[in-house]
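Trainee: Below are the sequence and a predicted model; questions follow.
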Amino acid sequence: MAQPAHALVIGGGIGGLTAAAALHQGGWDVTVLERAPALEPVGAAISLAPNALRALDVLGLGDEIRDLAAWQGDGGLRTPGGRWLSRSDAEAAAARFGGPLVLLPRATLLDRLAALLPPGAVRTAADATLTDPGDATRPARVRCGAEELEAGLVVGADGVNSRVRRLLFPAHPGPVYAGFTTWRVLIPVPGAQFASHETWGRGRIWGTHPLKDGRVYAYAAATAPAGEHAPDDERAELRRRFGDWHDPVPAVIAAARPEDVLHHDVHHLAEPLPAHHCGRVALLGDAAHAMPPTLGQGGNQAIEDAVVLGLTARPGQGTSVPDHLAAYTAARLPRTTAIARRAVGVARLNMAGSRTAVVARNTAIALVSKAGPALFLRGFDGIADWRPPYASGKAPAGNR
């Protein structure tokens, strides 16, 4: 029997809103169910690589985001004492991958994605639970408060601790602690003048980047036991761990208030899922393939997922939704699994804790940097050069 062309998206983060916009443009009647009382960004800012920007181009949003964001790339990698290990080149990166790497506040991206949806499409304070994934002959079902909702398609975009994933794949072990914790701030830093940089120490990293609106985005990570918190406040913890690093790190810490500092442990899916769908339900973003942030691809891959899903699962094509979602899994699972594994490998490198490993790492980086930026950029080949499948009505062809 015919099923309603109604899609429910569980989760109103970047991946969920991108999926809602892509499905809406593809002909679905979409409702986003967000558990929080308002659409609030998790994290301070997001770096978008050319692969994600090209995905946003499919929605007609790419150029607007490029205009709102700051280009990244001119800067490099440093030691805690300030020595440059390598220098990066924004123009070289843009030439290699067909576009810039940009940075903007997550709140800005959420706002622009939400604007692509019709009024009333986003319901906040909506605690949704998947109760039946459905199949080719019956709709999926979701409980939201006292309501029982039916849908032709459900998207689980509910993050690393996804309840949708647990229902679909109860035997999967779920997320594991990556071994390090992170801090993020997005603040004005009066008088700060610096080049974008990431600094690698022993079991610690720091990054500082200017935004187009004049604020500074900084992030830090350090190996630590899971669940550990500062005895006083997280700004004081940053001062203890990074206060003697090169400028502008101390100035950024000094400019932050305790309430400005976001602190989160990093968890990832060490074991890939067997599929990114079951029945009429698709998983995307961290719900499907949570990865360490070391490649800056978590949000980018969620955006890719969402756009590929929108291009693959279109109503009224004469093929069942489960078949469309099988094509979605075929397109996304190999790619995201490979990128997640690469992110884990980079985490082992930049969070190295022994003095010997750090010396060897820094020496190798300095030697490679003498060959120019091309060698470093090769690490993003196959990631940043991805292009979305534009042909509507056809299953996307793998990674290309």
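Mentor: Thanks, I have it. Numbering: from 1, shown residues only.

Trainee: The stretch 1-150 of the chain: strands as residue ranges?
Mentor: Per DSSP state E, counting those that start in this stretch, the stretch 1-150 of the chain carries strands over the ranges 6-10, 29-33, 45-48, 70-72, 75-78, 84-88, 101-105, 122-123, 128-132, 140-144, 147-151.

Trainee: JSON lines for these, including mean neighbour count and mean pLDDT?
Mentor: (Each C-beta comes from the backbone N, C-alpha and C, glycine too.) Output for those, formatted as JSON lines (neighbours: other CB atoms under 10 Å; pLDDT from 0 to 100):
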{"stretch": "strand 6-10", "mean neighbour count": "28", "mean pLDDT": "98"}
{"stretch": "strand 29-33", "mean neighbour count": "24", "mean pLDDT": "98"}
{"stretch": "strand 45-48", "mean neighbour count": "24", "mean pLDDT": "96"}
{"stretch": "strand 70-72", "mean neighbour count": "19", "mean pLDDT": "88"}
{"stretch": "strand 75-78", "mean neighbour count": "22", "mean pLDDT": "91"}
{"stretch": "strand 84-88", "mean neighbour count": "18", "mean pLDDT": "89"}
{"stretch": "strand 101-105", "mean neighbour count": "22", "mean pLDDT": "95"}
{"stretch": "strand 122-123", "mean neighbour count": "18", "mean pLDDT": "97"}
{"stretch": "strand 128-132", "mean neighbour count": "19", "mean pLDDT": "98"}
{"stretch": "strand 140-144", "mean neighbour count": "19", "mean pLDDT": "98"}
{"stretch": "strand 147-151", "mean neighbour count": "16", "mean pLDDT": "96"}
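
Trainee: what's the closest of those to residue 332?
Mentor: strand 6-10 (16.5 Å; CB to CB).

Trainee: so what strands line up beside the closest one?
Mentor: Here strand 6-10 is paired, per DSSP bridges, with strand 29-33 (parallel), strand 153-156 (parallel).

Trainee: Can you say which of these is nearest to residue 89?
Mentor: Nearest to residue 89, of all the strands paired with strand 6-10, is strand 153-156, at 37.9 Å by CB to CB.

Trainee: Distance from the chain centre to the closest one, please.
Mentor: Offset of strand 153-156 from its chain centre (CA atoms, centre = their mean, to the nearest Å): 19 Å.

Trainee: Tell me the buried residues in the next helix or strand after that strand?
Mentor: Later in the chain than strand 153-156, the nearest helix or strand by DSSP states H and E is helix 163-168. Residues of helix 163-168 classed as buried under the neighbour-count rule (16 or more other CB atoms under 10 Å) are 163, 164, 165, 167, 168.

Trainee: Report all helices and strands that helix 163-168 contacts.
Mentor: Judged by 3 or more CB pairs under 8 Å, 6 or more residues apart in numbering; DSSP states H and E, the packing partners of helix 163-168 are strand 128-132, strand 153-156, strand 281-283, helix 286-289.

Trainee: Make CSV out of the ones you listed and add distance to residue 99.
Mentor: Converted to CSV, those look like this (distance: least, CB to CB, whole Å):
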stretch, distance to residue 99
strand 128-132, 35
strand 153-156, 27
strand 281-283, 27
helix 286-289, 23
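
Trainee: tell me the strands in the stretch 151-300 of the chain, going along the chain?
Mentor: Taking DSSP E, counting those that start in this stretch to define them, one finds strands in the stretch 151-300 of the chain at 153-156, 176-187, 196-200, 204-210, 216-223, 262-268, 277-278, 281-283.

Trainee: where in this protein is pLDDT low?
Mentor: Applying pLDDT under 70 to the chain flags the ranges 1-4, 317-318, 372-376, 390-400.

Trainee: Taking the centroid of it, which residue is nearest it?
Mentor: The centroid of the chain falls nearest to residue 299 when counting by CA atoms, centre = their mean (1.6 Å).

Trainee: mind listing what's buried in the longest helix along the chain?
Mentor: In the chain, assigned by DSSP state H, the helix with the most residues is helix 321-350. For helix 321-350, a neighbour-count test (16+ other CB under 10 Å) marks 321-322, 324-333, 335-337, 339-340, 342-344, 346-347, 350 as buried.
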